[in-house]
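[1] give the three-dimensional model of this entry:
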Amino acid sequence: MKQLKQVSNSFGKIIFNAIRNMNTNITYTNTLAIEDYTMFRKIVGWQELSERQIEISLKNSTSLIVAMDGTKPIGMARTITDGGYFVLLVDVIVLPEYQKTGIGRELMTRLMTGINENINENETVCVSLMAATGKEEFYEKFGFTKRPNAEQGAGMMQYIKK
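    Numbers count the residues shown, from 1 in each chain. Here you go, the predicted structure:
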């Protein structure tokens, strides 16, 4: 049984390394088709949006970064902002088969670099996000703190449907 486990672990390592090596072919762009945005939302189980909502949301994004494997979009992340103090990270999504290969980290690094480049000396901006359950540790690596904590209450949200 121990030998089977070692073979299984070695096989898993080979597959993991093969997927990790795919990242050398990954490119990044700032455009995303409506149907690809819909696909990302569906894969993570988020509510469906109308085409009008998607078009407006993507157009009004402050930044949009899309990871591409050839012509296939495999990850995305975007920000919205008030232009002065507040930045909201939204839609940080990587296709399941590409997760844990550094693509999410690269998307976040690019977003955070862009945010930092637009802050003037002696200014502070508040960067916020709503992490999916179980993804908090990923964002902590970028300096985010969990809420609630001793200084801040829980974040809140509301869906309004018409």
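[2] counting neighbours, what do you get for the closest residue to Thr31 other than its chain neighbours?
    Closest residue to Thr31 apart from its sequence neighbours, by CB to CB, 6 or more residues apart in numbering: Val66 at 6.8 Å. Heads up, the C-betas are built off the backbone N, CA and C, glycines and all. Val66: 21 surrounding residues under other CB atoms under 10 Å.
[3] ok, Phe142 next?
    14.
[4] what's the closest non-adjacent residue to it?
    In this structure, Phe142 finds its nearest non-sequential neighbour in Met108, 5.5 Å apart by CB to CB, 6+ apart.
[5] looks like that neighbour contacts Val92 (just checking).
    Yes. Met108 is in contact with Val92 according to CB atoms under 8 Å; the separation is 6.7 Å.
[6] centroid-nearest residue for this structure?
    The chain has Val92 as the residue nearest its centroid, 1.8 Å off, counting by CA atoms, centre = their mean.
[7] doesn't Asp91 lie inside a strand?
    Yes. According to DSSP: H, G, I helix; E, B strand; the rest coil, Asp91 belongs to a strand.
[8] list the contacts of it.
    Residues near Asp91 by CB atoms under 8 Å, 6 or more residues apart in numbering: Tyr37, Phe40, Arg41, Met76, Ala77, Arg78.
[9] bridged to the fourth one, which residues?
    Per DSSP bridges, the residues bridged to Met76 are Val66, Ile93.
[10] and it, how far from Glu106?
    Separation of Met76 from Glu106 (CB to CB, to the nearest Å) stands at 12 Å.
[11] looking at the two, which is more packed in?
    Neighbours per residue (other CB under 10 Å) separate Met76 from Glu106, with Met76 holding more: 26 against 18.
[12] the more buried one touches Ser63, doesn't it?
    No. The criterion here is CB under 8 Å, and Met76 misses it with Ser63 at 11.0 Å.
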